[in-house]
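K.L.:
Just the structure for this:
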Amino acid sequence: MPTPPSPFISLAALQQNFADGLATLLEAHRGLGVYILVLANAAYDSRLWAQLSPALSARHSELAAAMTETLRNGQTLTEPDDDVQVFLKLLAIGFGHLKTMESRRAGPWDLFFNPIRALRPPRSSGMKFEGLLRAFDGDGFHFNKPFLEKEALWQGELAGKPARLLYNKFPFARLHGLLVPEPLREAPQYLTPELHGWAWDLCAQVDLPGFCLGYNSYGAGASVNHLHFQSFVQPDPLPVQATRFSQNGGAEPYPLPCRRFTDAESAWVHLDQLHQRNVPYNLIYSRGCLHCVARVPQDSNKLGAQSRSYGWSEMAGAVTLFSREAFESLSATEFEAELASFAS
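P.N.:
Below you'll find the model as predicted:
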């Protein structure tokens, strides 16, 4: 069987395949998990919402009726508890009150209002940090679970390694995917020189403006202990990539320490030092560049309840908020102070 072309061959192809895959998923699978995945991805993008919302509305009504009948008959729901809890919250909101993601700027920072992402189960992002390396747990959640096969957007070879690209069930970036190199290797979420080099080479090979990979170490927002990166396409530079900030040659200091590297080898020297010191970190890979933010663990008593789940996006200056009040009122100064609290 011929190797399928890269999913990142062009922006037009990625957008089309992304949308077509969501439509096919919704049509072929009637479970809560697929419905929630398609809904959350459509709500992030107004074009996807326009395309998919009629089918989503109809499926919402079907699922609500089926769940009501099951419960009234005293039967047990067979869907995963996480999906049931999310859907019950969606029922309380009402489909007609669901809205697409909104965004605004606060100084140099990107703010997003996305209440659907607030429904995401915490998984290990709420666990106590005991070290960067935790053994892979085949009985826990990972990307080789059979029920996730249908959520794969693409599978093939990238930059010389087998890889699998899955939809992110609760996206917070444009064309957001979960990219798993060598999935059958079942490596824990602990970066190695080999896989760091693979991510660097992939960004160099992908000729797609704005293509980036995000990475959360364990203790820095990683919610799945199976080696993966998060792929996305950034139309404009992330705040952490802005030329105004000192790590990029500008005059303004970033609110917390950030290192920028333009060669893979020196970047790895720094990452290896963080590993030796057991310091959590978040990464943004882009073409020929890596931004690294070392930070306190997500269970640090320096952090507020919401910021404990912050990962690469927030460390890069793009924060998703779950209430309209917070979205409309958060100031640049307040967010900068929040970022500063992550300094180790």
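K.L.:
Let me know the distance separating Glu102 from Asp45.
P.N.:
Distance from Glu102 to Asp45, counting by Cβ to Cβ, to the nearest Å: 12 Å. All C-beta atoms are positioned from the backbone trio N, CA, C, and that covers glycine.
K.L.:
So for these two, which residue has more residues nearby?
P.N.:
Neighbours per residue (other Cβ atoms under 10 Å) separate Glu102 from Asp45, with Asp45 holding more: 21 against 15.
K.L.:
OK, contacts around the more buried one?
P.N.:
Counting by Cβ atoms under 8 Å, 6 or more residues apart in numbering, Asp45 makes contact with Thr100, Met101, Arg174.
K.L.:
Drop anything exposed from those residues.
P.N.:
Among these, those buried by neighbour count (16 or more other Cβ atoms under 10 Å) are Thr100, Met101, Arg174.
K.L.:
Wait, a helix at the last one?
P.N.:
To tie it back to what came earlier, the one meant is Arg174. No - judged by DSSP: H, G, I helix; E, B strand; the rest coil, Arg174 forms no part of a helix; its state is coil.
K.L.:
List the single closest residue to it in space, sequence neighbours excluded.
P.N.:
With Cβ to Cβ, 6 or more residues apart in numbering as the criterion, Arg174 has its nearest non-adjacent residue at 5.1 Å, and that residue is Val233.
K.L.:
so who does Ser341 touch?
P.N.:
So Ser341 contacts Val296, Lys302, Leu303, Gly304, Ser307 (Cβ under 8 Å, 6+ apart).
K.L.:
let's see it at 7 Å
P.N.:
Lys302, Leu303 (Cβ atoms under 7 Å, 6 or more residues apart in numbering).
K.L.:
before we move on, the earlier item: around the residue nearest to Arg174, how many other residues sit close by?
P.N.:
The local packing of Val233 (other Cβ under 10 Å) involves 20 other residues.
K.L.:
Correct me if wrong: it contacts Phe211.
P.N.:
Yes - in this structure Val233 lies within contact range of Phe211 using Cβ atoms under 7 Å: 5.7 Å.
K.L.:
Just the pLDDT for the residue with the largest distance to the centre of the chain.
P.N.:
Note on the chain: the largest separation between a C-alpha and the mean C-alpha position, by Cα atoms, centre = their mean, falls on Asn73 (38.2 Å). What the model reports as pLDDT for Asn73 is 95.
K.L.:
before we move on, back to that, export the contacts of Asp45 to JSON lines and tack on pLDDT?
P.N.:
Putting the contacts of Asp45 into JSON lines (pLDDT from 0 to 100) gives the following:
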{"residue": "Thr100", "pLDDT": "93"}
{"residue": "Met101", "pLDDT": "95"}
{"residue": "Arg174", "pLDDT": "96"}
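K.L.:
Determine the longest helix present in the chain.
P.N.:
Scanning the chain for the helix with the most residues, using DSSP state H, yields helix 46-72.
K.L.:
and it, how far out from the chain's middle?
P.N.:
Taking Cα atoms, centre = their mean, to the nearest Å, the mean C-alpha location of helix 46-72 is offset from the chain mean by 24 Å.
K.L.:
distance of the residue farthest from the centre of the chain from Ala326?
P.N.:
Taking Cβ to Cβ as the measure, Asn73 and Ala326 are separated by 41 Å.
K.L.:
cool, and Asp81?
P.N.:
28 Å.
K.L.:
What of Pro239?
P.N.:
According to Cβ to Cβ, Pro239 stands 18 Å off from Ala326.
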